[in-house]
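Participant: what follows is a predicted structure for the sequence shown.
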Amino acid sequence: MKILIMGLPGAGKTYLAERLVKLIGDCAWFNADVIRGAANDWDFSPEGRVRQAQRMKTFADFECSHGRNVICDFVAPTKAARDQFAADIVIWLNTITAGRFADTNAMFEPPSRVDFTINTHYNDEQIEDLAKQIINKLRK
């Protein structure tokens, strides 16, 4: 299954992903900055963001086709980008009201479909509880 951890820059996506991947087990992890760097594509226009979502989807779908669960953490600021990625589970980090990039803040559309909304930064115990809930969803 594909798990999307989304939210504004600075919301804690990478922090959460890094911890969840260890707790969930047999789970691949793709970070948006790493993938953008490998593609050398720093286009943050609406089209560039959809292209990035497609790149993330390609990596995630490959892992899923080989029986692994996948966590991808990226902003996914628009419905189009989220639809392109087509996550099975969406975790929205709603921990900040504005990120560090004005253009991202201006285009950010709060998601209408989420499985987990996180409104505050999590401690280790809360992350463990979240991992258990995700594991239960993955087993269904």
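Facilitator: Thanks, I have it.

Participant: pLDDT (mean, whole number) over the longest helix seen in the chain?
Facilitator: Ranked by residue count under DSSP state H, the longest helix found in the chain is helix 46-65. On average, the pLDDT along helix 46-65 is 94.

Participant: tell me the strands beside the next helix or strand after it, with direction?
Facilitator: Past helix 46-65, further along toward the C-terminus, the next helix or strand under DSSP states H and E is strand 69-73. Sheet partners assigned to strand 69-73 using DSSP bridges are listed as strand 2-7 (parallel), strand 27-31 (parallel).

Participant: format those as CSV; extra columns: mean neighbour count and mean pLDDT.
Facilitator: All C-beta atoms are positioned from the backbone trio N, CA, C, and that covers glycine. Formatted as CSV, these follow (neighbours: other Cβ atoms under 10 Å; pLDDT from 0 to 100):
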stretch, mean neighbour count, mean pLDDT
strand 2-7, 26, 97
strand 27-31, 20, 97
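
Participant: looking at these, which is nearest to residue 118?
Facilitator: strand 2-7 (8.1 Å; Cβ to Cβ).

Participant: quick one: list the elements packing against the helix or strand following that closest one.
Facilitator: Heading C-terminal from strand 2-7, the first helix or strand you meet, by DSSP H and E, is helix 13-24. Applying 3 or more Cβ pairs under 8 Å, 6 or more residues apart in numbering; DSSP states H and E, we find helix 13-24 packed against strand 2-7, strand 27-31, strand 69-73, strand 89-93, helix 124-139.

Participant: now those in CSV, with distance to residue 52?
Facilitator: CSV is the format used below for the helices and strands packed on helix 13-24 (distance: least, Cβ to Cβ, whole Å):
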stretch, distance to residue 52
strand 2-7, 12
strand 27-31, 11
strand 69-73, 10
strand 89-93, 17
helix 124-139, 23
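
Participant: quick check: which of those is nearest to residue 42?
Facilitator: With Cβ to Cβ as the measure, strand 27-31 is the member of these nearest residue 42 (14.7 Å).
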